[in-house]
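J.: Sequence and predicted model, in that order:
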Amino acid sequence: GESVGLHLPTLSVQEGDNSIINCAYSNSASDYFIWYKQESGKGPQFIIDIRSNMDKRQGQRVTVLLNKTVKHLSLQIAATQPGDSAVYFCAEHNFNKFYFGSGTKLNVKP
Amino acid sequence: KAGVTQTPRYLIKTRGQQVTLSCSPISGHRSVSWYQQTPGQGLQFLFEYFSETQRNKGNFPGRFSGRQFSNSRSEMNVSTLELGDSALYLCASSRTGLDEQFFGPGTRLTVL
């Protein structure tokens, strides 16, 4: 299930630090957004979602922020752990379809 | 509860052949979407089925088709395989198609 593109951006963080992964989405009509995590050899795994009528949503160790003005989505992971190492995708939903970003590879250094 | 399952997990075919992939959604989920994932293009939407009807379609040629059965299980077929069809094919299920999608592990298709 590798999803590494030719030029997949990589974020390297130290274990225990906070991580921020960013995503620019394309359609101002998008009404629903999801962050996924994909580990090698596996399908994408749902992390957290947010609807367009919200600015912020918190989960366990994760927070998603939505800025509709600049069409920007971010995923914050608190106290990053080695098990968080994976590729992270954002997905936007509009006109009954989901569109996925190319992903960011998170590398957690012990 | 059981997650989304896909069979087979790996498949090797030659150009010109056809292939059928299967997806069993989470119990109670009526929407099944199919995606193609490649290193160069990332995740691309193929189509979505809801209650046995194709509700949405991506920009793929007619060689890619699918169907959904009354138990929400779905199959995807690719005819006249080309080398460029080599990819990881993922299916995702959700209750309505407008809520969170759960992905299966994918079928890795290699076309020689």
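T.: Cool, the structure landed.
J.: Chain A: strands as residue ranges?
T.: Here chain A has its strands, by DSSP state E, at A:10-14, A:19-24, A:32-38, A:45-51, A:56-58, A:62-67, A:72-77, A:86-94, A:97-100, A:104-109.
J.: got a markdown table for those strands, with distance to chain B too?
T.: (Glycine included, C-beta is placed from N, CA and C.) As requested, these are exported to a markdown table (distance: least, CB to the nearest CB, whole Å):
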| stretch | distance to chain B |
| --- | --- |
| strand A:10-14 | 15 |
| strand A:19-24 | 12 |
| strand A:32-38 | 6 |
| strand A:45-51 | 5 |
| strand A:56-58 | 12 |
| strand A:62-67 | 13 |
| strand A:72-77 | 15 |
| strand A:86-94 | 7 |
| strand A:97-100 | 4 |
| strand A:104-109 | 12 |
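J.: Quick one: closest of the ones you listed to B:Y10.
T.: Shortest separation from B:Y10 across the strands of chain A is recorded for strand A:32-38, at 17.7 Å, computed as CB to CB.
J.: ok, for A:Y99, nearest residue in space, not its chain neighbours?
T.: A:E92 (5.3 Å; CB to CB, 6 or more residues apart in numbering or on different chains).
J.: tell me which strands and helices the lowest-mean-pLDDT helix or strand in chain A is in contact with?
T.: Least confident element among the helices and strands of chain A, by mean pLDDT, DSSP states H and E: strand A:97-100 (a mean of 87). For strand A:97-100, the elements it packs on are strand A:86-94, strand B:42-50, judged by 3 or more CB pairs under 8 Å, 6 or more residues apart in numbering or on different chains; DSSP states H and E.
J.: Ignoring the adjacent residues along the chain, who's closest to residue 29?
T.: Because you didn't say which chain, this covers chain A. In space, A:A29 is closest to A:N94, 4.8 Å off (CB to CB, 6+ apart).
J.: try again with chain B
T.: Here the residue nearest B:H29, using CB to CB, 6+ apart, is B:S93, at 3.9 Å.
J.: For that neighbour, give me the pLDDT.
T.: pLDDT, B:S93: 95.
J.: OK, contacts around B:Y10?
T.: The neighbourhood of B:Y10, defined by CB atoms under 8 Å, 6 or more residues apart in numbering or on different chains, consists of B:107-108, B:110.
J.: Just the buried residues from the residues you listed, in ChimeraX please.
T.: Per 16 or more other CB atoms under 10 Å in any protein chain shown, the buried members of the contacts of B:Y10 correspond to this ChimeraX selection:
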select /B:107,108
